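1. Starting from these lines, generate the structure:
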Amino acid sequence: MELDKNTTALLVIDAIEAVGDDSLYDPDAATAAYRAAVARSVAACHAAGIPVIYCNDAHIRGLDRELDLWGEHGVAGEVRVFPEIEQAPGDITIPKRRYSGFFQTDLDLTLRELGVKTVIAVGADTNICVLHTLADAYFNNYASVVVTDATMTFLCGTQEGALEHCEKCYGSKLVSVAELEAALA
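-> Below is the predicted model of the structure:
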């Protein structure tokens, strides 16, 4: 896989955990490999000089419709990026109140100002927030790459189904974190 480092950005989608009582984002032993893969992806992009953008849930209690479906989770001010991830000066955070990192946020404007043509996606839930973010990336003419072992499905559907959808419907390239690291080395 070839990536133009000057026109690529990493989207870290909901790689967050609860600061308080948010059971949806509670870490457990089953997520350790996924969390390590996300951290490795961020580190590889930092080393390659690729912008890192965190698209994090920042819901408003009593207002956001998503909370009706999934319960209280990702409430603004009550989550943090995985501690395994080493954030760097210059990393950008785009709060989101819906599944897509693009929906009524300034993600598209930020990517355009950075000259981005390709987005790399890591995070969760592959079947929901990652999928909807990549749908909007496709509709806004961005190419996409999904790091398969740095994404995770845990709410509905299967990881394989989500990845197939990204590949077939949005033309996403599917790579492992090792392949991403090799491409950026």
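
2. and the helix or strand bottoming out on mean pLDDT in the chain, what does it pack onto?
-> In the chain, no helix or strand scores lower on mean pLDDT, DSSP states H and E than strand 16-18, which sits at a mean of 83. Strand 16-18 sits against strand 79-81, with contacts defined as 3 or more Cβ pairs under 8 Å, 6 or more residues apart in numbering; DSSP states H and E. Every residue, glycine included, has its C-beta placed from N, CA and C.

3. what's the strand it packs on packed up against?
-> strand 16-18, strand 52-57.

4. With distance to residue 80 and mean neighbour count as extra columns, can I get those in JSON lines?
-> What follows is the helices and strands packed on strand 79-81, written out as JSON lines (distance: least, Cβ to Cβ, whole Å; neighbours: other Cβ atoms under 10 Å):
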{"stretch": "strand 16-18", "distance to residue 80": "6", "mean neighbour count": "20"}
{"stretch": "strand 52-57", "distance to residue 80": "9", "mean neighbour count": "24"}
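
5. Now render these as CSV, adding distance to residue 123.
-> Below are the helices and strands packed on strand 79-81 laid out as CSV (distance: least, Cβ to Cβ, whole Å):
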stretch, distance to residue 123
strand 16-18, 9
strand 52-57, 8
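
6. Nearest to residue 4, out of those?
-> strand 52-57 (16.4 Å; Cβ to Cβ).

7. Please name the strands paired to the closest one in the sheet, noting orientation.
-> In the sheet, strand 52-57 lines up against strand 8-13 (parallel), strand 92-96 (parallel) (DSSP bridges).

8. after it comes which helix or strand?
-> Downstream of strand 52-57, the first helix or strand assigned by DSSP states H and E is helix 66-70.

9. what residues does that following helix touch?
-> Contacts with helix 66-70, where a contact means Cβ atoms under 8 Å, 6 or more residues apart in numbering, come from 24, 59, 61, 73, 97-99, 155.
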